[in-house]
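1. Attaching a predicted model along with its sequence, questions to come.
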Amino acid sequence: MFEIHEMSNKECVELLQRAHFGRLGCCREASPYIVPIYFAYEANTIYSFSLAGRKIEWMRDNPNVCLEAEEQGGDKGWNCVIATGKFQELPDIEPWHAQRMHAWSLLQKHNDWWEIGALKPEAMRSEAETSPIYYAINIQTLTGRSARPLEQQ
């Protein structure tokens, strides 16, 4: 048996700092879409990247998104955080260059999950290459719950 507790904002932030994998939720018209992503967190912002496709199209159409990240502890319980916020594409143009490079610098710290994540954005200038689309999620709300085993009497 488990006891469910609300997580503090500090605990939610700490989980996002530890986690690098989550599930991104977006919606287009009346259809939800959930997809696993790798991400980096810093200063109330989630950074990630993707190749062009449904996820990017849908977030461009409706920037209201959420991210779920969790830690499973088996019989010791679990922690789960939901961050809601706004999608912001970080295009490869001058006004966004610094933030795009910052996103890359955070994401490359854990780049073993996808080879292209190790490539610096400038290294992919060829039109023939498929360039990743970097984006940020500016967090508006952050909530979490944790489950802990009940004390045995």
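-> All right, it came through fine.
2. residue ranges for the helices of the protein, please.
-> According to DSSP state H, the chain carries its helices in the segments 9-18, 54-61, 97-107.
3. what's the spacing between the first one and its chain's center?
-> Just to be clear, that refers to helix 9-18. Centroid displacement of helix 9-18 relative to its chain, using Cα atoms, centre = their mean, to the nearest Å, is 13 Å.
4. Not counting its own residues, what contacts it?
-> 7, 41, 46, 69-71, 79, 81, 83, 142-144, 146 (Cβ atoms under 8 Å, 6 or more residues apart in numbering). Bear in mind the C-beta positions are built from the backbone N, C-alpha and C, glycine included.
5. filter these to the buried ones?
-> Among the contacts of helix 9-18, those buried by neighbour count (16 or more other Cβ atoms under 10 Å) are 7, 41, 46, 69, 70, 79, 81, 83, 142, 144, 146.
6. who's the third one bridged to?
-> When assigned by DSSP bridges, residue 46 has beta-bridge partners residue 41, residue 137.
7. ok, now which ones touch it?
-> 16, 39, 40, 67, 83, 85, 136, 137, 139.
8. what's the closest of these to residue 57?
-> Using Cβ to Cβ, residue 137 comes nearest to residue 57 of those, at 16.2 Å.
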